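Colleague: show me how the following folds:
(one chain, ligands or ions: 1)
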Amino acid sequence: MLIKKPVDIRPSEITSKESYFNRRKFMQAAALAGGSIVAGDALPAIIPNEKRAKLEGIVPSEFSTDETPNSYDDVTTYNNYYEFGLRKDDPFRNSQEFKPRPWSIEVTGDAEVTGSFALEDFVNSQTLEERIYRLRCVEAWSMVIPWVGISLADVVKRFKPLSKAKYVVFETLLDRDQMPGQRSRSLRWPYVEGLTIAEATNPLPILAVGVFGEVLPNQNGAPLRLIVPWKYGFKSIKGIVRMHFTDKQPRTSWDLAASHEYGFYANVNPNVDHPRWSQARERRIGADQGGGFQSLFSASKQDTVMFNGYGEHVAHLYDGLDLKKNF
Ligand code: MTE
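Modeller: Numbers count the residues shown, from 1 in each chain. So this is what the prediction gives:
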């Protein structure tokens, strides 16, 4: 039998006594919040470890678009995940050996419930929903993707942010051995993103654990990534290991890289151009050729819609805010 030496054990594999008690606190908080949590500690894992395994018990969502989803190939081979390289096919090619299990998420900062939680505890108590969402990348292309995930609002509420907490900050795993892109300085690592508490508790954002009814492939951010459908894709951070509640607006990776190009809000907005290109139109990947790399050159163009078409659910979050200044 192979016994791991302490140096071989990644932080995400350790369940300390403290985190065991935090887990109990989280369960109790979930129960108090009226969640459909099962009592006791012996919860079955509902996110299988095997690649392409089916997820059970998924329910459809009222928030899904009725547009036709992109192909599995489009969604899993045309990616942005700089931790695995800069080209669109790098994440697919370089992430296959990445180990998304075991995994835990550290919750810190201004909240009543904090600590280290196993991925299973995050997910098991929640309803798994399929949310077919448009994804609009800041690079002026878009896709329609059938994500499977849990409501971010439900997760945030269970940690009971204190009233002084105004933002929730997310961080991706930092692991230069497994993530070759982190050996270069293409971005400041770990990748950091954030939302206001009002955005994070809106019903639309999800923490995704799957796509096309199956576990999330590594290149799409396994085992846990954010999806915020009314914002440019870079807000939807992958490979999340930390959630931090704070009163300060965080400096995000893209803000640190080029603050005049990538604002904190990053709401999809056809009226505010990126300094180097227009955001008025977008290419729908695979729209006319059945998907794949070929289609990138022939994909049809369409008008970009304010808030990516989700305005009725989110426009009120920005009442009174100048969206040209707060881009
Ligand atoms: N998350 C991390 N950690 N690193 C990244 O480079 N890229 C972002 C976002 N999340 C990125 C990330 C960008 S620019 C986009 S468009 C989406 O992931 C793409 O998600 P997808 O490849 O699953 O379609």
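
Colleague: which parts of the stretch 1-150 of the chain are strands?
Modeller: Applying DSSP state E, counting those that start in this stretch to the stretch 1-150 of the chain gives strands spanning 59-60, 104-109, 115-118, 129-136, 141-151.

Colleague: show me what the longest one is packed up against.
Modeller: Where contact means 3 or more Cβ pairs under 8 Å, 6 or more residues apart in numbering; DSSP states H and E, strand 141-151 is packed against helix 72-77, strand 129-136, strand 206-211, strand 281-284. All C-beta atoms are positioned from the backbone trio N, CA, C, and that covers glycine.

Colleague: centre of the chain to that strand, how far?
Modeller: In terms of Cα atoms, centre = their mean, to the nearest Å, the centre of strand 141-151 is set 10 Å apart from its chain centre.

Colleague: after that strand, next one along is what?
Modeller: helix 152-159 (DSSP states H and E).

Colleague: tell me which element H313 falls in.
Modeller: helix 311-314.

Colleague: for G194, give its distance to the ligand.
Modeller: Per Cβ to the nearest ligand atom, to the nearest Å, G194 is found 13 Å from the ligand.

Colleague: tell me the residues of the stretch 201-327 of the chain that contact the ligand?
Modeller: Residues of the stretch 201-327 of the chain lying close to the ligand (Cβ under 6 Å from any ligand atom) are N220, G221, G233, F234, S236, I237, K238, G239.

Colleague: report how many residues lie close to the residue nearest to the third one when sequence neighbours are not counted.
Modeller: By the measure of Cβ to Cβ, 6 or more residues apart in numbering, the closest residue to G233 outside its immediate chain neighbours is C137, 4.2 Å from it. Counted with other Cβ atoms under 10 Å, residues neighbouring C137 total 18.

Colleague: so C137 sits against N80, correct?
Modeller: Yes - using Cβ atoms under 8 Å, C137 is in contact with N80, at 6.9 Å.

Colleague: joint contacts of those two?
Modeller: Among the neighbours of C137, those also in contact with N80 (Cβ atoms under 8 Å, 6 or more residues apart in numbering) are G233, F234.

Colleague: G210 and the ligand: what is the separation?
Modeller: From G210 over to the ligand the distance is 12 Å, taken as Cβ to the nearest ligand atom.

Colleague: ok, which of the strands of the stretch 1-150 of the chain comes nearest the ligand?
Modeller: strand 129-136 (5.7 Å; Cβ to the nearest ligand atom).

Colleague: residues in contact with H244?
Modeller: V107, T108, G109, V168, V169, F170, E171, P250.

Colleague: remind me which residues of this structure are low pLDDT?
Modeller: Across the chain, the ranges flagged by pLDDT under 70 are 1-45, 288-299.

Colleague: find the residue at the geometric middle of it.
Modeller: L226 (1.5 Å; Cα atoms, centre = their mean).

Colleague: helices and strands around whichever helix or strand that residue is part of, which ones?
Modeller: Per DSSP H and E, L226 falls inside strand 225-227. If you count contacts as 3+ Cβ pairs under 8 Å, 6+ apart, strand 225-227 packs onto strand 129-136, strand 206-211.

Colleague: and the very next helix or strand once past that strand with strand 104-109, angle?
Modeller: Counting by DSSP H and E, the next helix or strand C-terminal to strand 225-227 is strand 240-246. Angle, strand 240-246 to strand 104-109, by axes from the mean of the first three to the mean of the last three Cα atoms, to 10 degrees: 10 degrees.

Colleague: now the strand holding L226, how far from the centre of its chain.
Modeller: For strand 225-227, the distance to the chain centre is 1 Å (Cα atoms, centre = their mean).

Colleague: hmm, who's touching it?
Modeller: With Cβ under 8 Å, 6+ apart, strand 225-227 has contacts from 131, 133, 135, 147, 149, 152, 170, 193, 205-208, 216, 235-240.

Colleague: contacts only, for E193.
Modeller: V169, F170, L226, F234, K235, S236, I237, P250, T252, S253 are the contacts of E193 under Cβ under 8 Å, 6+ apart.

Colleague: again, but for Y72
Modeller: Contacts of Y72 (Cβ under 8 Å, 6+ apart): F212.

Colleague: need the helices for the stretch 1-150 of the chain, in chain order.
Modeller: 17-32, 72-77, 90-94, 119-124 (DSSP state H, counting those that start in this stretch).

Colleague: so how far is the second one from its chain's centroid?
Modeller: The reference is to helix 72-77. The answer for helix 72-77 is 17 Å, by Cα atoms, centre = their mean.

Colleague: now that helix: buried residues?
Modeller: Residues D74, V75, T76, T77 are the ones in helix 72-77 that count as buried (16 or more other Cβ atoms under 10 Å).

Colleague: what of the shortest one?
Modeller: By neighbour count with 16+ other Cβ under 10 Å, helix 90-94 contains the buried residues D90, P91, F92, N94.

Colleague: as CSV, the helices and strands packed on strand 225-227 with mean neighbour count would be great.
Modeller: Converted to CSV, the helices and strands packed on strand 225-227 look like this (neighbours: other Cβ atoms under 10 Å):
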stretch, mean neighbour count
strand 129-136, 22
strand 206-211, 26
